[in-house]
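> The sequence and its predicted three-dimensional model are supplied below.
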Amino acid sequence: MNKPIIGITMGDPASIGPEIAIKALLDEKVTSICRPVIVGDAATLGFTADHLKWKARIYPVSKIAEAVFQPGVIDVLDMATVDLDQLKWGEVSAMAGHAAFEAVRKVIELALAGEIDATVTGPINKKSINDAGHHFAGHTEIYAHYTGTAKYGMLLVEDNLKVIHVSTHVSLRQACDLVKKDRVLACISLLQDGLIRLGEKNLRIGVAGLNPHAGDSGLFGTEDDGEILPAVLEARRLGYEVDGPVPPDTLFAKAATGHYGGVVAMYHDQGHIPFKLNGFKWNAEKQRMDSVKGVNITMGLPIIRTSVDHGTAFEIAGKGIASPDAMILAIEAAVQLSKSQPKEKW
């Protein structure tokens, strides 16, 4: 009973979220390291398991204390938010968006109350969430809002690549404006904290440039010399081992070899593209993904939040072929973080 209790959101009910949650919780590796409970809709999970002919006992509970935490039994904190007559796999809908949102809100509430030790989130669809009237850009922003967190960062983890982002869900034009010394410095600090908590020994941090060739001494933009370099110099003064700004086409190639323990990316796609190339493996012969790996950790929160770093994959929802790799890795990361020494902020 000393294993951490991990709250796992089902994700969008019309997505692969229910499938990968069930697959992960049927894996003995998961139940050997934690006490998992899914927060979502029990009827959807039961319907999914029956449709795919999986031997999974779905056990609805109304509170965490009722969970049995037994192998082969999938405890579900039942939100009862889905009308199965209206649910269609692979389709955007306000009903599905509301169900996904309510599960996220509930798991945050449980973590803040100390009823669970960490949270793991399944994939959501941003349009479905917004169609339901919940106007957030994504999970990270929902967590920041409901925990009252002002300074936070998205940390992606897969093998040698550990990447935090200066900005995420904003336009590219807006992302350039958000490259400021204080924010870059904050991301360096959040990244090192994350590396330590994950047990990473290599604390050398590489900071990406924003412009081609990191600005090339001002020829291709002033942000690298005017905002990023001052943040790097200040970080060194504070004792961090940090390089930058480094041209990203060089930086990520070096990071993939383990040269850097972690990397600071300036905007969403700059960090996500190399990360997903590293973790997503396509099988051309079978015309499907062999594995989809990668964990998303929100740093700076007062609670632990990890997530799969892939989308809803509507095109394969309900087929039973979605890989649970990222969900299992996200659960493992949540367990690892829950073992870290308590600190004011994650």
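It's in. Numbering: from 1, shown residues only.
> alpha carbons only for contacts and neighbour counts from here, please
OK.
> Would you mark the buried spots in the helix or strand harbouring residue 196?
Assessed by DSSP states H and E, residue 196 sits inside helix 181-197. The neighbour-count check on helix 181-197 (16 or more other CA atoms under 10 Å) flags 181, 183-188, 190-195, 197 as buried.
> Need the contact partners of that helix.
The contact list for helix 181-197 (CA atoms under 8 Å, 6 or more residues apart in numbering) reads 151-153, 155, 163-166, 201, 203, 205, 227-228, 230-232, 234-235, 261-264, 299-300, 336-337, 340, 346.
> Apply 6 Å and report the result again.
Here helix 181-197 makes contact (CA atoms under 6 Å, 6 or more residues apart in numbering) with 227, 228, 231, 340.
> likewise stretch 301-319?
Residues outside stretch 301-319 that contact it (CA under 6 Å, 6+ apart) are 15-16, 89-90, 118-121, 123, 294-298, 326-327, 330, 345-346.
> Just the ones of these in helices?
Using DSSP state H, the members of those that fall in helices are 326, 327, 330.
> among those, which ones are buried?
326, 327, 330.
> Report the contact partners of the second one.
If I follow you right, that is residue 327. By CA under 6 Å, 6+ apart, residue 327 lies in contact with residue 308.
> Show me the helices in this protein, by range?
Using DSSP H, the helices found in the chain span residues 17-25, 28-31, 42-51, 94-112, 126-131, 139-147, 172-177, 181-197, 223, 229-237, 248-256, 268-279, 325-338.
> which one of the ones you listed has the lowest average pLDDT?
Ranked by mean pLDDT, the helices of the chain bottom out at helix 268-279, which scores a mean of 87.
> now that helix, how far from the chain's geometric center?
Averaged C-alpha coordinates place helix 268-279 at 13 Å from its chain's average position (CA atoms, centre = their mean, to the nearest Å).
> Name the surrounding residues that touch it.
168, 265, 293, 294.
> Then stretch 88-96?
For stretch 88-96, the surrounding residues in contact (CA under 6 Å, 6+ apart) are 12, 13, 14, 15, 128, 131, 132, 314, 315, 317.
> Adding neighbour count, write those out as JSON lines.
Below are the contacts of stretch 88-96 laid out as JSON lines (neighbours: other CA atoms under 10 Å):
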{"residue": "12", "neighbour count": "32"}
{"residue": "13", "neighbour count": "35"}
{"residue": "14", "neighbour count": "26"}
{"residue": "15", "neighbour count": "29"}
{"residue": "128", "neighbour count": "22"}
{"residue": "131", "neighbour count": "16"}
{"residue": "132", "neighbour count": "18"}
{"residue": "314", "neighbour count": "17"}
{"residue": "315", "neighbour count": "12"}
{"residue": "317", "neighbour count": "22"}
